[in-house]
Each structure stands twice: as C-alpha cells, then as structure tokens.
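> Sequence first, predicted model second:
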Amino acid sequence: MDENTVTNTNEPAQSSVTGPDSSVPLISANQTKKQSLPYKIWRVIYPLFLFLGIQIAGSLVMIVYYAVTVMVPNMNQGIVTPDMSAQMVEWLVGQALMLTLICDLAILPVYAFLYIRQIKGQRRAVISSFKIADYVLVAALAVAADFAITYILISFNIEQYFPDYQNIMSGIINSSFILQIIAVGIVAPVVEKFLMRGVILNRLLGYMRVIPALLIQAALFGILHMNLLQGVYAGVLGLLMGYIYIKYGSLLMTILFHVTLNTLSVVFPKSFAEGVNPFYILIPALLVTVGILWLINRRGDSVMFFSNRKMEKVPQEE
C-alpha cells in the first residue's frame, strides 16, 4: 500500500482534525500538552482581535488624516459647519473599501505565518490529487449559493430593514470596479480563509468534535462582519466553507469557493432579472445548491476521517 495514503486505522495520526470515529481529536505534536480552557478560548479568538484591531487602527488613522487635511484647515479659515462630522463619516464610508484592502494586505502575512506554524507536522491533501470535477463542483456551489442568498434578500425585500447594511453595500458599489475585484473578489477571501479555516477552525478541531467546531467558526465568521444581516448569511456561508475545508483538507478549495462567490457578486448585477418573479430564481438556486452539496458529499470520504486521497507530510519544526 502506498505509504502516503491515509487509511482508516485506530492509530493516532498527527492531525488537527478528528479521527475516524469523529469523537477523538487527533492533535499535532505541538498541541499534546494539556491546555486550560481559558487558554484554549484565547488561542481561538485572539486572531479575530488582531483583525478587528488593525481595522480600528486603520479607521483612526483615516479619521486623523481627514481631520488634519480637511477639518483643521477649514477651521483656521473660519469655516465651521455643523455638517463637518457628517461629511467626515460620508468620506470614511467612501474610503471603506480601500481601507479594508490595506488592512487585509497588512494582516495577511501574520495569518499565513500562524497557519504555516499551525500545520507543522500535519498531513495535507496533495493538490494534484483533486480532480477537475472537484474544482467545478466547488465553484458551481459558490455560484448557486450566491444566487440563493441574493434572491432570498430580494424575494423578501430584507435589506429595507437594515439601513446599516445598505450603507455598507453602497460604499462598496460606489467604489471603482477594479478595486471591488481586488479587495472583495480576491484579497478578502484569501485573508478570511487563512484566518477562519486555516487558523481558527484548525484550532477548534484540535479541541472538540467536528460539528461544534463548524458551528463555532461559522458564528465567529458572522460576527467578524460586524453587521446583523451580513453576519447571518456570512455564518451560513461559513458552514459551507468549513465543510469544504474538512472535506478536501485544503485551503485552496475554500479560497476557490469564496473568490468565485465574491467575484460573482461584483460582476453580476442584481438587476439582470428585473421584472422576473424572484422566486423563479430563488427556488432553483436552492435546489441546485442542495444537489451540488449532495454530489460533493458523494465524492469519496472526507479527509477529516479517512481517505484514499494522497497526502503529503509537512516536515516538523526541528
């Protein structure tokens, strides 16, 4: 038998995911020491604080920049209006996407470092072992899920109850198309995958069973968006992406899903089917989403249990 093939055995393997019975965590060598509950919680959530911290720091820099370059000069010239604060907020909303891109690029090396350190000694799926059908199904799932979520919002006119969400979306839409593609379609998915699946989900899987780990990382992914409506559907997408990560054992597949979904939301106008009953799109989209998930689930066993997918051994740190 090929020594690189993972089979269903009862011998502990160095992995941050659960074993064949889905109840006994098989943790890597650097996690074998007994850890207290507060330490485990901190280890899971501090990467989120890094993300939020750099966003807050970036916002403060932007506020100071606006105050120094716009507000102070106007005050020196005796131009003081009660709308100055409102104008600053409007300007910040307009710059939000650029700020997000800068913050994401700044934090990406940190998450990549944490992820690489996290997988030391683990076995990972070899990219060449994935079939073309795997890539097609994951991308198709992203398309179907995007249509399903979009037309749930449209069918029930949900956005009208969330003005904060409308402001966020308008700030994105009013940004340049190239900036949207780079920030929303490419960089954000990569950063969020390293954070949520590469670091947080991996750590959760070292501490608990699969289902609670999936639910917690999905909830944290929703909270990360700091907006109720966006947080709800981000949580649902977090479940899908967590499942894909566990199914294939590769960040590449979750990045493919997220990049496809976000890019589609940028390039595909919601008004393309204006005048058509939105339920005519929503219902098929939901059915296709479920059907693709069923097809993905049938494509062999999940890496988190046992698999005939080739795996590569990541060298341990000396």
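That came through, no problem.
> CA atoms for contacts and neighbours, from now on please.
OK.
> separation between residue 193 and residue 79?
47 Å (CA to CA, to the nearest Å).
> What is the burial count for the closest residue in space to residue 265 that isn't next to it in sequence?
In this structure, residue 265 finds its nearest non-sequential neighbour in residue 146, 7.2 Å apart by CA to CA, 6 or more residues apart in numbering. Residue 146 has 22 neighbours, counted by other CA atoms under 10 Å.
> Okay, buried residues for stretch 253-270 please.
253-266 (16 or more other CA atoms under 10 Å).
> hmm, I was thinking of stretch 150-166
150, 151, 152, 153, 154, 165.
> So for it, mean pLDDT?
For stretch 150-166, mean pLDDT rounds to 91.
> measure it end to end?
14 Å.
> who touches it?
227, 229, 230, 270, 278, 279, 281, 282 (CA atoms under 8 Å, 6 or more residues apart in numbering).
> change it to 6 Å
Applying CA atoms under 6 Å, 6 or more residues apart in numbering, the external contacts of stretch 150-166 come out as 278, 282.
> same question, stretch 224-231
222, 223.
> re the thing from before, with respect to residue 108, which of the buried residues of stretch 150-166 is nearest?
Using CA to CA, residue 165 comes nearest to residue 108 of those, at 25.4 Å.
> residues of the helix or strand where residue 233 lies that come out buried?
In this assignment (DSSP states H and E), residue 233 forms part of helix 228-248. The neighbour-count check on helix 228-248 (16+ other CA under 10 Å) flags 229-248 as buried.
> before we move on, back to that, now do the same for the residue nearest to residue 265: helix, strand or coil?
Following DSSP: H, G, I helix; E, B strand; the rest coil, residue 146 is assigned to helix.
> Roughly how far does it sit from residue 259?
11 Å.
> again, but for residue 75
Using CA to CA, residue 75 is found at 45 Å from residue 259.
> Over to residue 115?
In terms of CA to CA, residue 115 sits 19 Å off from residue 259.
> And what about the residue nearest in space to the middle of the chain, helix, strand or coil?
By CA atoms, centre = their mean, the mean C-alpha position of the chain lies nearest to residue 192, the distance being 4.0 Å. Three-state assignment for residue 192 (three-state DSSP): helix.
> could you check the distance from it over to residue 249?
Distance from residue 192 to residue 249, counting by CA to CA: 16 Å.
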